[in-house]
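> Need coordinates for the below:
(one chain, ligands or ions: 2)
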Amino acid sequence: MKIIDIKVATVPIKSKISNAYIDFSKMTAAVVAIVTDVIRDGKRVVGYGFNSNGRYAPTGLLQERFIPRLLEAESTDVLNDAETNFDPHKIWNVLMTGEKPGGHGERSVAVGTLDMAVWDAVSKVEEQPLYQLLADRYRGGEVDEKVFVYAAGGYYQPGKGLEELKNEMKNYLNLGYSVVKMKIGGTSLEDDLHRIESVLEVVKDGSCLAVDVNGRFDLDTAIKYAERLEPYQLFWYEEVGDPLDYALQAELSKHYKHSMATGENLFSMQDARNLIRYGGMRPDRDYLQFDCALSYGLVEYLRIIDMLKEHGWSPRRCIPHGGHQMSLNIAAGLGLGGNESYPGVFEPFGGFADHLPVENGYVRLPEVPGIGFETKSELRNLLHSIAV
Ligand SMILES: O=C([O-])CC(=O)C(=O)O
Ligand SMILES: [Mg+2]
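Ligands and ions are numbered 1, 2, ... in the order given. From the prediction side, this is the model:
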């Protein structure tokens with residue numbers, strides 16, 4: 001049993017949308033395909049992975065360091081002891097050989113991309129959906145049959161007014177979502193409040209709307225917004241200050257009593273642990289958005305979950321960023337609180353199985369081996385154009 005080739009491609013996921021910090025006019029993603037010599041159900045097992053939106057394709061890192069390391073590894077360094085499957089934990093050690101701690105930069109994105117493909121291959125070799133494999137290995141076999149998902153959108157866009165924003169949100173409700181998210185912090189406070197009030201005309205109440213600042217605010221602005229947002233009792237107030245400014249987050253939690261969320265731009269267990277140690281996050285109401293596809297993959301995410309448990313946090317407080325099926329599998333298999341979704345944005349990577357619509361804010365997972373990418377036809381076509 002061996003890896004015979006690893007393909008990588010850079011694909012555009014550009015669009016005219018902006019959050020408070022960046023526009024997505026030049027956004028890319030890396031896609032990898034790990035081609036194995038294993039045959040299951042008459043077909044070659046190929047594991048696929050990609051990185052989440054928000055970080056550009058780490059193609060250079062993949063080509064220069066991480067793919068060669070994996071291709072050059074001895075079989076004992078990549079297979080489980082019984083040699084019946086690949087071992088994601090051993091492969092992680094191979095990938096990180098020669099890498100110093102700290103300064104995670106974008107190598108965590110490259111490793112997260114390959115790690116996704118490894119778990120896809122491992123669960124295809126086992127002929128199991130990834131969520132089932134994870135539940136069997138780490139949760140005594142218990143699977144969540146459906147996962148809470150919310151619709152993330154509400155971006156700033158040229159020519160997009162309040163009517164367009166409302167229509168976008170109506171469309172998410174029509175698609176079966178119960179909670180929606182919109183961007184704030186890219187315009188004045190008064191203007192953002194008008195935008196929020198418009199969306200509140202469409203959704204049931206504030207508990208159905210999350211707002212996302214994408215790390216734009218200093219402490220003063222964060223508190224000014226907090227005071228005005230407080231009465232709406234929103235679903236959450238997200239990534240308000242710089243993701244690494246734990247003191248800001250801790251101070252803000254003294255000024256805002258409803259739920260907050262952050263963590264999508266923390267890329268390692270150590271950074272996540274610093275948030276938990278120093279960020280004032282509250283395990284009874286706040287949410288954690290670490291995204292394995294940006295942060296060294298599921299092998300590292302398992303370490304994050306262990307760290308959270310040691311600090312008295314339930315995995316149910318985790319609702320990962322990224323809107324991909326990898327985190328959907330982790331949510332169902334390991335009992336997270338839900339997953340993000342981007343209906344119609346960042347295609348073809350966002351969204352779930354074609355035949356399983358969102359119902360009352362929840363989605364079910366397909367019963368196919370692997371992560372389930374092949375059940376989303378647009379994504380399958382892209383992945384198969386890279387390797388089959
Ligand atoms: O706009 C983005 O970068 C995506 C984001 O923050 C989110 O999905 O929470
Ligand atoms: Mg966000």
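
> and the stretch of helix or strand Y172 belongs to, does that touch ligand 1?
For Y172, the host element (DSSP states H and E) is helix 162-174. No. For a cut-off given as Cβ under 6 Å from any ligand atom, helix 162-174 has no contacts with ligand 1; the smallest distance is 13.7 Å. (C-beta placed from N, C-alpha, C; glycine too.)

> Now do that helix, average pLDDT.
The average pLDDT within helix 162-174 is 98.

> Would you mind pulling up the elements that that helix packs against?
Counting contacts by 3 or more Cβ pairs under 8 Å, 6 or more residues apart in numbering; DSSP states H and E, helix 162-174 is packed against strand 180-183, helix 189-200.

> Compare these and give me the one nearest ligand 1.
Taking Cβ to the nearest ligand atom as the measure, the helices and strands packed on helix 162-174 were each checked against ligand 1, and strand 180-183 came out nearest at 6.7 Å.

> Let's see that closest one as CSV, backbone CA atoms only.
What follows is strand 180-183 as a C-alpha-only set of coordinates in CSV (Å, rounded to 0.1, in the frame of the first residue of the first chain):
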residue,chain,number,x,y,z
VAL,A,180,-27.7,33.9,8.8
LYS,A,181,-24.5,35.9,9.1
MET,A,182,-23.5,39.3,7.7
LYS,A,183,-20.4,41.4,7.6
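
> first vs last residue of stretch 70-90, how far apart are they?
The first residue of stretch 70-90 is 11 Å away from its last residue (Cα to Cα, to the nearest Å).

> Identify each buried residue in it, please.
Of the residues in stretch 70-90, those buried under the neighbour-count criterion (16 or more other Cβ atoms under 10 Å) are 70, 73, 78-79, 85-88, 90.

> what does stretch 260-273 give?
Neighbour counts using 16+ other Cβ under 10 Å place 260-269, 271-273 of stretch 260-273 among the buried residues.

> Go through the helices and strands packed on helix 162-174 and pick out the most buried.
Greatest average neighbour count among the helices and strands packed on helix 162-174 goes to strand 180-183 (a mean of 24), per mean count of other Cβ atoms under 10 Å.

> quick revisit: make JSON lines from the buried residues of stretch 70-90 and add secondary structure to it.
Written out in JSON lines, the entries for these read as follows (DSSP: H, G, I helix; E, B strand; the rest coil):
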{"residue": "L70", "secondary structure": "helix"}
{"residue": "A73", "secondary structure": "coil"}
{"residue": "V78", "secondary structure": "helix"}
{"residue": "L79", "secondary structure": "strand"}
{"residue": "N85", "secondary structure": "coil"}
{"residue": "F86", "secondary structure": "strand"}
{"residue": "D87", "secondary structure": "coil"}
{"residue": "P88", "secondary structure": "helix"}
{"residue": "K90", "secondary structure": "helix"}
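
> Tell me how far G103 lies from Y150.
From G103 over to Y150 the distance is 32 Å, taken as Cβ to Cβ, to the nearest Å.

> Revised request: answer the last question for P348.
When distance is defined by Cβ to Cβ, P348 is 20 Å away from Y150.

> quick one: which of these two has more around it?
Neighbours per residue (other Cβ atoms under 10 Å) separate P348 from Y150, with Y150 holding more: 23 against 17.

> Spell out which parts of the stretch 101-250 of the chain neighbour ligand 1.
By the criterion of Cβ under 6 Å from any ligand atom, the positions of the stretch 101-250 of the chain lying close to ligand 1 are 152, 212, 214.

> Now with 8 Å, please.
Taking Cβ under 8 Å from any ligand atom as the test, the list of the stretch 101-250 of the chain residues beside ligand 1 reads 152, 155, 181, 183, 212, 214, 238-239.

> what's the residue of the stretch 51-200 of the chain found nearest ligand 1 sitting at in phi/psi?
Going by Cβ to the nearest ligand atom, ligand 1 is nearest to G54 of the stretch 51-200 of the chain, at 4.1 Å. The phi and psi torsions at G54 (degrees, to the nearest 10) take the values phi 110, psi -30.

> Do I have it right that it meets L294?
Yes. With contacts counted by Cβ atoms under 8 Å, G54 reaches L294, the gap being 7.1 Å.

> Nearest residue to S178 in space, please, no chain neighbours.
With sequence-adjacent residues excluded and distances taken as Cβ to Cβ, 6 or more residues apart in numbering, S178 is closest to G361, at 3.3 Å.

> ok so, going back, Serialize the helices and strands packed on helix 162-174 to CSV and add fields for distance to N174 and mean pLDDT.
Output for the helices and strands packed on helix 162-174, formatted as CSV (distance: least, Cβ to Cβ, whole Å; pLDDT from 0 to 100):
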stretch, distance to N174, mean pLDDT
strand 180-183, 11, 98
helix 189-200, 15, 98
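
> Could you dump these into CSV and include distance to L62?
Written out in CSV, the entries for those read as follows (distance: least, Cβ to Cβ, whole Å):
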stretch, distance to L62
strand 180-183, 30
helix 189-200, 38
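
> Out of those, which gets nearest to Q289?
Comparing the helices and strands packed on helix 162-174 against Q289 with Cβ to Cβ, the closest turns out to be strand 180-183 (11.1 Å).

> three-state assignment of A33?
Judged by three-state DSSP, the three-state class of A33 is strand.

> just the buried members of the residues of the stretch 101-250 of the chain next to ligand 1?
Of all those considered here, the ones buried according to neighbour count by 16+ other Cβ under 10 Å are 152, 155, 181, 183, 212, 214, 238-239.
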